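Novice: model the following, please.
(chains A, B, C and D)
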There are 2 protein chains.
Amino acid sequence: MQLDKVVAYHKALADPTRIKMLILLADGELKGQALAEKLCVSPATITHHAAKLREASLIHERRDKNTIYFSLNHYFLKNNAGATLDLIMKNAGKGAKEDDSMTDSMTEKNKRLAESVIKNFFTADGRLKHIPAQYKKKLIVLERLAGMLEAGRKYAEREINEFLTRFHEDYATLRRELIMHQYMYREKEIYELNPREMWTKWEEVR
Amino acid sequence: MQLDKVVAYHKALADPTRIKMLILLADGELKGQALAEKLCVSPATITHHAAKLREASLIHERRDKNTIYFSLNHYFLKNNAGATLDLIMKNAGKGAKEDDSMTDSMTEKNKRLAESVIKNFFTADGRLKHIPAQYKKKLIVLERLAGMLEAGRKYAEREINEFLTRFHEDYATLRRELIMHQYMYREKEIYELNPREMWTKWEEVR
DNA sequence: TATCTAATTAGATATTTATTAAATTATATG
DNA sequence: CATATAATTTAATAAATATCTAATTAGATA
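Specialist: All right, here's what the predicted structure looks like:
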């Protein structure tokens, strides 16, 4: 997730009326008028806020006749909070150089870091020695694992567990972290890879 | 965490310059001038943004002679993302009544919910049957557990594990959730309860 | 004390944004 | 087609905020 997205996400949540909308929607879907009444604002105001929440993927909308029903995007709300930290941590380490051609050199630097992390944390036969404690390194390992899954394919939880067990006995932690850092998502009991564009990008700032 | 705090937290992160400041600080502390140069803004602008980040507890400051060094509050950054979801979920369920005396009746309602959750999820001898999947109920259980720890006391990880094992074999999940939902925090290997004012409050909205 | 440095405050400006009333659009129904 | 309903768009306004320059403060040092 790049800078603009993270900022838009926080802007969406940086208003009391919008937070109250989300609280109301946590009970279940509501139509625009109902929201307007409960919050004592005009329908136009609801439209305005709904647009912000929609742009940040925080709500869904459904039309029935003239009426539009809003509902929470539970999935996004639960899984996206960590994206900000990912952005900050992944972009750390740029201060080293001073010239403006920093981006290229840092991409190089990150590439080298990724190589060394993969060399040091994986055994010769491809298992994970242990899960890195350091944020940036952990993301490199997770991205590596996610990259070995098939885009667009739906996995049962059992399949994911089997896949992850091939790398580390603590498959539950790996599975949770893959979701927390947006490499994949779960809906009901089905797991699927997120599109690569959604993975937190390196070098997105500036 | 109440509505205003959550809004202030997101406002703090809802600006590209401030996110870039955090990214720079992720490498280690920097003085104000250095930030100003790297971000191509005036020192006054840094002061302005630093104030917002400080109010949201996202950074620390340290003075050495004339110079003020800023640094990340890693702890807060890592552990506070979930507070928004807690606020939304804990306040869900208020739509039922329409009059303005809603607060009292809802406090009552939540009290009854808490009682029933505690009755249903704990066995007669005080163990946890299982960790609730439903968000609100999970928070009730966590709050219950946190309430049994001693305020102000520092716990070793081993002590926390022993305490939690008395309730459920999956002490690791409980420990993680207690931290994620701000009932306690860890610094190095030492665990401590957060002050109760920091626990996400019920009925804080309106 | 005078001077230097780093940061903050004050004041001004431009931009963004939350809100509403009024006009418009979309959909359904008599 | 005429009418009714729910939502959106438009236009206007008020409030908040990001930024700068200039003046001021806090602290260190000569």
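Novice: give me the contact status of the helix or strand of chain A with the lowest mean pLDDT with chain B.
Specialist: Here the helix or strand of chain A ranked lowest by mean pLDDT, DSSP states H and E is helix A:102-121, holding a mean of 73. No. For helix A:102-121, no contact with chain B is found by C-beta under 8 Å from any C-beta of the partner chain; the gap never falls below 10.6 Å. (Each C-beta comes from the backbone N, C-alpha and C, glycine too.)
Novice: packing partners for that helix?
Specialist: Helices and strands touching helix A:102-121, as assessed by 3 or more C-beta pairs under 8 Å, 6 or more residues apart in numbering or on different chains; DSSP states H and E, comprise helix A:135-147.
Novice: mind listing what's buried in the helix it packs on?
Specialist: Within helix A:135-147, the residues scored as buried using 16 or more other C-beta atoms under 10 Å in any protein chain shown are A:135-146.
Novice: the least confident helix or strand of chain A: how far from the chain's middle?
Specialist: On the basis of C-alpha atoms, centre = their mean, to the nearest Å, helix A:102-121 is displaced by 22 Å from the centre of the chain it belongs to.
Novice: what pLDDT does the residue nearest the centre of chain A get?
Specialist: Per C-alpha atoms, centre = their mean, the C-alpha nearest to the average position across chain A is that of residue A:182, at 3.8 Å. Taken from the predicted model, the pLDDT recorded for residue A:182 is 79.
Novice: repeat for the one 5 residues further on
Specialist: Model confidence at residue A:187, expressed as pLDDT, equals 76.
Novice: for the residue nearest to the centre of chain A, what are phi and psi?
Specialist: With angles defined as degrees, to the nearest 10, residue A:182 shows backbone torsions of phi 70, psi 20.
Novice: returning to that earlier point: what's the angle from the least confident helix or strand of chain A to helix A:135-147?
Specialist: Taking axes from the mean of the first three to the mean of the last three C-alpha atoms, to 10 degrees, helix A:102-121 and helix A:135-147 form an angle of 80 degrees between their directions.
Novice: related to what we said a few turns ago, what's the closest of the buried residues of helix A:135-147 to residue A:73?
Specialist: The shortest gap between residue A:73 and any of the buried residues of helix A:135-147 belongs to residue A:146, at 21.7 Å (C-beta to C-beta).
Novice: distance of the closest one from chain B?
Specialist: Residue A:146 sits 21 Å away from chain B, going by C-beta to the nearest C-beta, to the nearest Å.
Novice: ok, that residue - contacts?
Specialist: Residue A:146 sits next to A:178, A:183-184, A:193, A:199 when contact means C-beta atoms under 8 Å, 6 or more residues apart in numbering or on different chains.
Novice: do that again at 6 Å, thanks
Specialist: For residue A:146, the set of contacting residues under the criterion of C-beta atoms under 6 Å, 6 or more residues apart in numbering or on different chains consists of residue A:183.
Novice: for residue A:149, same thing?
Specialist: If a contact means C-beta under 6 Å, 6+ apart, then residue A:149 has residue A:193 as its contacts.
Novice: that one: what secondary structure?
Specialist: Classification of residue A:149 using DSSP: H, G, I helix; E, B strand; the rest coil returns coil.
Novice: roughly how far apart are residue A:91 and residue A:31?
Specialist: When distance is defined by C-beta to C-beta, to the nearest Å, residue A:91 is 41 Å away from residue A:31.
Novice: more neighbours: which of these two?
Specialist: Here residue A:91 and residue A:31 are compared on neighbour count by other C-beta atoms under 10 Å in any protein chain shown; more neighbours surround residue A:91, at 27 against 15.
Novice: can you pull the pLDDT of the more buried one?
Specialist: For residue A:91, the model assigns a pLDDT of 78.
Novice: from what I can see it touches residue B:25, true?
Specialist: No. Distance between residue A:91 and residue B:25: 11.2 Å, which falls outside the contact criterion (C-beta atoms under 6 Å).
Novice: on that earlier part again, which one of the buried residues of helix A:135-147 is nearest residue A:59?
Specialist: The closest of the buried residues of helix A:135-147, once distances to residue A:59 are taken by C-beta to C-beta, is residue A:146, at 27.0 Å.
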